[in-house]
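Participant: okay, structure incoming, though there's no sequence with it:
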């Protein structure tokens, strides 16, 4: 109807995805010790010692039940995504980039922040909610503005600013909705000594 308008309640969302291709590495080198005395004593057959490197376990990225984002989605605009990175390794892991699914993958809507009750009027087929800067090719890599270091055996909650967008075609049913974002396909990360990022943190990617 001419002059008619609809009121769209800004929506909130959370992210649920498991990273299955995160790559981290750590190298531990053995050390050589030398002690001097007034008497020289030789060694039969030389000397050796042994060291072992830590094992590597993939990171997990999951939803935050109460995201608390303030920059909320509405049709034609960008919004924040809140996620939690869990590091099960015995050493800090620094994430420098994320790999996104194709730009044809869209978020599913839920009526609650626990992502337990589907919003049947706002689905992956009509929500128009996707990751910003995703390309037609799945797995495109996007550098974070600032690296994120997750403590050994720790977690880090991060708000990714303007990381998601909602198309102008999103229906009114997608108002007041939480979104389970399409799963990331991986992250770029390295393991080793580093100062953990203080959480909750804020980050993003811009291209």
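Facilitator: Arrived safely, thanks for sending. What you are looking at is a predicted structure, and each value in this text was computed from that prediction instead of being measured.
Participant: every contact and neighbour count from this point should use C-alpha atoms.
Facilitator: Will do.
Participant: I'd say residue 143 and residue 98 touch.
Facilitator: Yes - using Cα atoms under 8 Å, residue 143 makes contact with residue 98 at a distance of 6.6 Å.
Participant: more neighbours, these two?
Facilitator: Ranked by neighbour count (other Cα atoms under 10 Å), residue 143 and residue 98 place residue 98 first, with 22 against 17.
Participant: how about that one: what's its closest non-neighbour residue?
Facilitator: With Cα to Cα, 6 or more residues apart in numbering as the criterion, residue 98 has its nearest non-adjacent residue at 4.3 Å, and that residue is residue 187.
Participant: close enough to count as contact, that neighbour and residue 99?
Facilitator: Yes - under the criterion of Cα under 8 Å, residue 187 makes contact with residue 99 at 5.6 Å.
Participant: and residue 195, how many neighbours does it have?
Facilitator: For residue 195, using other Cα under 10 Å, the count is 13.
Participant: look up the pLDDT of residue 102 for me, please.
Facilitator: Predicted confidence (pLDDT) for residue 102: 97.
Participant: what about it, distance to residue 110?
Facilitator: 22 Å (Cα to Cα, to the nearest Å).
Participant: who has more neighbours, the two?
Facilitator: residue 110 (25 against 20).
Participant: if we can go back for a sec, ok, now how distant is the residue nearest to residue 98 from residue 200?
Facilitator: Distance of residue 187 to residue 200, given as Cα to Cα: 19 Å.
Participant: give me the more crowded residue out of those two.
Facilitator: Of the pair residue 187 and residue 200, residue 187 is the one with more neighbours under other Cα under 10 Å, namely 25 against 12.
Participant: assumed the more buried one was part of a helix.
Facilitator: No - applying DSSP: H, G, I helix; E, B strand; the rest coil, one finds residue 187 to be strand, outside a helix.
Participant: just give the nearest non-adjacent residue to residue 137, would you?
Facilitator: residue 102 (5.2 Å).
Participant: do the same with residue 99
Facilitator: residue 141 is the one closest to residue 99 (Cα to Cα, 6+ apart), at 4.3 Å.
Participant: could you look up the SS state of that neighbour?
Facilitator: At residue 141 the chain is in strand, as set by three-state DSSP.
Participant: surely it meets residue 100?
Facilitator: Yes - in this structure, residue 141 is within contact of residue 100 by Cα under 8 Å, at 6.6 Å.
Participant: overlap of the contact sets of these two?
Facilitator: Residues touching both residue 141 and residue 100 (Cα atoms under 8 Å, 6 or more residues apart in numbering): there are none.
Participant: looking at those two, which is more packed in?
Facilitator: residue 100 (25 against 19).
Participant: so what's that one up against?
Facilitator: Taking Cα under 8 Å, 6+ apart as the contact definition, residue 100 lies against 131, 134, 138-142, 183-186.
Participant: list the buried residues for stretch 149-159?
Facilitator: Across stretch 149-159, burial judged by 16 or more other Cα atoms under 10 Å covers 149-152, 154-159.
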